[in-house]
Structures are given as C-alpha cells and as structure tokens.
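In: Structure of the sequence below:
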Amino acid sequence: MEKSSAQPANKFDMVKKSVHDFLHEKNYFTYGFEMIEKYAKVKREYVFYGLIGGLILYLMIGYGAGLVVNLLGFVYPAYMSCKAIDSEEKDDDTQWLTYWVVYAAFGICEYFTDIILSWVPFYFLLKCIFLVWCMLPMANNGSILIYNKLIKPFVKKHEKTFEKVIDETTHLVKDAGQSALGAVRDAAGNVTLQDMQKLNEMKEALLSEKPEKQD
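Out: Predicted coordinates:
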C-alpha cells in the first residue's frame with residue numbers, strides 16, 4: 001500500500017494524508033479509483049473530491065437524501081469497526097466505540113427533534129458534515145470531543161442513578177419472566193389434560209357409533 005511519508009503540518013494536511021492513504025489501500029472500493037486513474041489519467045484524489053462535491057449537491061436537492069446520509073454514517077464506520085476488532089491495537093477500538101456512542105445519542109436526539117429539524121434548510125447536508133466530522137481519522141475528531149465534553153460528564157454525574165435503574169429493571173424483567181414461564185407451564189398442563197379428556201370422549205363416541213349405510 002502506497003502511503004505518504006511526509007508528516008502533516010496541520011489538521012488539513014492530516015486529512016489530506018488520510019484520504020491519500022485510504023485511496024491507496026488495496027480493496028474493492030479503491031480498485032475503482034485505481035482504474036479511473038489509470039485509464040482517465042486523472043489522480044484518484046481528484047476523482048474522490050469530485051464525488052464528494054457531487055454528493056454535497058445531491059444532499060442539497062436530491063431525493064432520498066436521508067437514506068444516503070444514514071448509509072454514510074453507518075457503512076464506513078461499521079467497516080472500520082470490523083477492521084478494528086481484528087486488529088491488535090486498542091486505540092482504533094476506542095475510537096470507533098466512541099463514535100457509536102455519539103451516533104446513538106445523536107439518533108435519540110434526532111428522533112425527538114425530527115419535526116423541528118425537518119424545517120432546517122439543507123439539514124441532511126449538515127448532518128452528513130457532522131457525521132464526517134465525528135468519524136475523521138484524527139485524535140480529536142467530533143465524536144471524541146462530544147463524548148469527553150458532554151456524554152462522559154453526564155454519565156459520570158448520573159452513574160449511580162443509571163446503575164440503580166438498570167438493576168431494578170433487570171430484577172423486574174427477571175421476576176416477570178419467571179412468573180410468565182410458570183403461568184405458561186400451568187396453562188399448558190391444564191390444557192393438555194383437558195384436551196386428552198376431550199379426545200378420549202370423542203374416541204369413545206366415534207367407536208360407539210356405527211356408520212350409516214348408503215342407498
């Protein structure tokens with residue numbers, strides 16, 4: 001895999017280097033960029049940036065933009081999460097686990113504010129920018145900042161309350177499950193006895209009756 005050896009001078013250069021390294025990986029996705037670069041004589045980075053521009057335009061005026069944004073916010077992070085699970089490093093595990101926590105929290109907030117957000121101009125474009133910011137391959141991307149500044153302090157503050165609610169809910173579910181299972185067993189036993197009695201009665205009735213002869 002061809003990677004840039006120069007150290008990035010700032011965050012913009014870091015992003016450019018990450019894009020360069022990503023586009024020069026050997027996989028089915030980058031193979032298409034490699035073929036375009038080979039036959040069209042256009043650098044794959046320019047093709048990638050052109051696609052990004054087209055995506056931005058589509059998110060502004062295109063149909064089904066919500067589905068496209070949700071796919072972008074799920075497919076690439078899911079792929080990178082699978083790679084992180086298989087890798088021996090732990091930093092990428094933390095990075096993508098943090099992303100999914102923020103993604104879930106954002107989804108909950110979005111659910112309750114959907115009516116308001118639907119009136120925001122170019123909302124899906126803004127959402128796409130937000131998700132890309134959260135998944136940027138850098139030390140302090142959006143998900144890490146949001147987690148450290150908002151989610152982590154909130155969880156730490158209410159940790160005992162959360163644990164109490166979880167324990168009580170677990171006990172309630174366990175007790176309800178056991179009660180339901182016992183009721184099902186009792187009902188199944190009663191139904192089985194009743195059915196057996198009815199079957200025996202039907203059997204005796206059929207045996208006692210003689211078939212009528214047809215003319």
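
In: per-residue pLDDT, residue 25?
Out: Model confidence at residue 25, given as pLDDT, is 78.

In: Now do it: how many residues are near it, please.
Out: Look at residue 25: counted by other CB atoms under 10 Å, it has 12 neighbours. Every residue, glycine included, has its C-beta placed from N, CA and C.

In: Burial check on residue 166, number of neighbours?
Out: By other CB under 10 Å, the residues close to residue 166 number 10.

In: Could you measure from it over to residue 79?
Out: Here residue 166 is placed at a distance of 31 Å from residue 79 (CB to CB, to the nearest Å).

In: Name the secondary structure element that contains residue 109.
Out: Assigned by DSSP states H and E, residue 109 falls within helix 91-112.

In: now swap in residue 129 and tell me
Out: Using DSSP H and E, residue 129 sits within helix 123-135.

In: So for the top helix by length along the chain, mean pLDDT?
Out: Taking DSSP state H as the criterion, the chain has its longest helix at helix 159-208. If you average the pLDDT over helix 159-208, you get 78.

In: Check stretch 85-92 too.
Out: Stretch 85-92 shows a mean pLDDT of 85.

In: And for stretch 31-47?
Out: 83.

In: Quick one: residues in contact with it.
Out: Stretch 31-47 has contacts (CB atoms under 8 Å, 6 or more residues apart in numbering) with 19-20, 23-24, 30, 48.

In: Identify each buried residue in that stretch, please.
Out: 33, 36-37, 44, 47 (16 or more other CB atoms under 10 Å).

In: Okay, residue 33 and residue 44: tell me how far apart.
Out: Per CB to CB, residue 33 is found 4 Å from residue 44.

In: packing partners for the longest helix of the chain?
Out: Counting contacts by 3 or more CB pairs under 8 Å, 6 or more residues apart in numbering; DSSP states H and E, helix 159-208 packs against no other helix or strand.

In: Model confidence at residue 124, what's the number?
Out: 87.

In: How about residue 66?
Out: 84.

In: Secondary structure class of residue 138, three-state.
Out: Three-state assignment for residue 138 (DSSP: H, G, I helix; E, B strand; the rest coil): coil.

In: Phi and psi next, for it.
Out: Phi and psi for residue 138, reported as degrees, to the nearest 10, are phi -140, psi 160.

In: tell me the contacts of residue 95?
Out: With CB under 8 Å, 6+ apart, residue 95 has these contacts: 84, 141, 143-144.

In: Residue 59 now?
Out: 65, 68-69, 122, 124-125, 128.

In: can you tell me which helix or strand it belongs to?
Out: If you go by DSSP H and E, residue 59 is part of helix 44-61.
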